[in-house]
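A.B. asks: just coords:
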Ligand code: 13P
């Protein structure tokens with residue numbers, strides 16, 4: 001990590017942990033953070049919608065230095081959208097971060113580039129932070145044109161976005177072949193792609209965007225990934241479901257930032 005920005009680590013629980021389990025996880029994480037605070041790292045947890053109220057209350061009552069995120073949002077303000085949730089509903093629950101265009105939504109729930117762009121705009125207009133997910137599948141990685149996939153995803157989501165919203169956008173490079181597989185991208189691959197993301201974003205007039213990596217990040221690989229690549233932090237799935245493993249990843253980022261600063 002050569003960036004001077006504070007690391008950002010986001011735990012995406014996906015469709016795991018009901019509100020009781022979520023409460024326990026946040027309480028355990030809270031104890032670890034109170035005993036040994038991570039001083040330099042920003043922490044976000046992203047529970048399922050039905051856990052948000054409970055997790056929001058515990059973060060508030062325990063005064064934990066953890067921000068709250070949501071996994072998805074509908075771009076419309078309100079109305080006849082059965083089963084959907086709006087940015088204003090999330091805001092009332094103190095949700096500050098929203099994941100936009102996760103590959104699981106793109107692949108399994110028909111989230112097109114157009115819907116991703118629309119959703120990202122609704123998030124930043126509401127004053128919330130968007131974590132835009134981009135990344136290629138294994139076929140495109142093997143074909144060697146993975147940069148084109150990522151360039152097109154960034155371009156369609158971000159081109160023309162009003163500059164006053166730029167600071168609310170972070171990007172997570174999450175190659176599909178690394179998500180939930182136990183096979184993480186190497187530090188060299190992460191470095192190459194975070195640099196590429198920054199180059200494309202710079203061509204879209206973004207200055208110093210926060211670029212995260214996601215895909216089988218765990219306590220064993222987090223230290224070397226953050227040390228040897230230029231990444232600003234992680235979007236963590238499986239390893240965010242246990243307080244100890246998520247906390248170890250936070251510590252790895254925090255140690256690295258403290259040493260390199
Ligand atoms: P894993 O860390 O389980 O591979 O998931 C990554 C991810 O998709 C986070 O959004």
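C.D. replies: Here it is on my side, so go on. Predicted, not measured: the structure shown is a model, and the values here were computed from it.

A.B. asks: residue of the chain nearest the ligand, please.
C.D. replies: Relative to the ligand, the nearest point of the chain is residue 237 (2.3 Å; C-beta to the nearest ligand atom). C-beta: built from backbone N, CA, C; applies to glycine.

A.B. asks: does that residue touch residue 181 like I think?
C.D. replies: No. Using C-beta atoms under 8 Å as the test, residue 237 is too far from residue 181 to be in contact (10.6 Å).

A.B. asks: just to revisit the earlier point, how close does the residue of the chain closest to the ligand get to residue 155?
C.D. replies: Distance of residue 237 to residue 155, given as C-beta to C-beta, to the nearest Å: 26 Å.

A.B. asks: more crowded one of the two?
C.D. replies: Under the criterion of other C-beta atoms under 10 Å, the comparison of residue 237 against residue 155 puts residue 237 first, with 24 against 16.

A.B. asks: tell me the contacts of the more buried one?
C.D. replies: 12, 14, 179, 180, 214 (C-beta atoms under 8 Å, 6 or more residues apart in numbering).

A.B. asks: let me see the contact set for the first one.
C.D. replies: If I follow you right, that is residue 12. 46, 69, 71, 99, 102, 214, 235, 236, 237, 240.

A.B. asks: burial check on the fourth one, number of neighbours?
C.D. replies: Residue 99 has 28 neighbours, counted by other C-beta under 10 Å.

A.B. asks: now name the helix or strand holding it.
C.D. replies: Assigned by DSSP states H and E, residue 99 belongs to strand 95-100.

A.B. asks: off-centre distance for the next helix or strand after that strand?
C.D. replies: Per DSSP H and E, the first helix or strand lying C-terminal to strand 95-100 is helix 103-108. Counting by C-alpha atoms, centre = their mean, to the nearest Å, helix 103-108 is centred 15 Å from the centre of its parent chain.

A.B. asks: what's the mean pLDDT across helix 103-108?
C.D. replies: In this model, helix 103-108 has an average pLDDT of 98.

A.B. asks: going along the chain, name the helices of the stretch 1-150 of the chain.
C.D. replies: 19-35, 52-61, 87-92, 103-108, 113-125, 138-143, 146-158 (DSSP state H, counting those that start in this stretch).

A.B. asks: same list (those helices) but as CSV, adding distance to residue 210.
C.D. replies: Formatted as CSV, the helices of the stretch 1-150 of the chain follow (distance: least, C-beta to C-beta, whole Å):
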stretch, distance to residue 210
helix 19-35, 21
helix 52-61, 21
helix 87-92, 20
helix 103-108, 19
helix 113-125, 14
helix 138-143, 24
helix 146-158, 13
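
A.B. asks: which of the ones you listed sits closest to residue 254?
C.D. replies: Each of the helices of the stretch 1-150 of the chain has some distance to residue 254 by C-beta to C-beta; the shortest is helix 19-35, at 10.6 Å.
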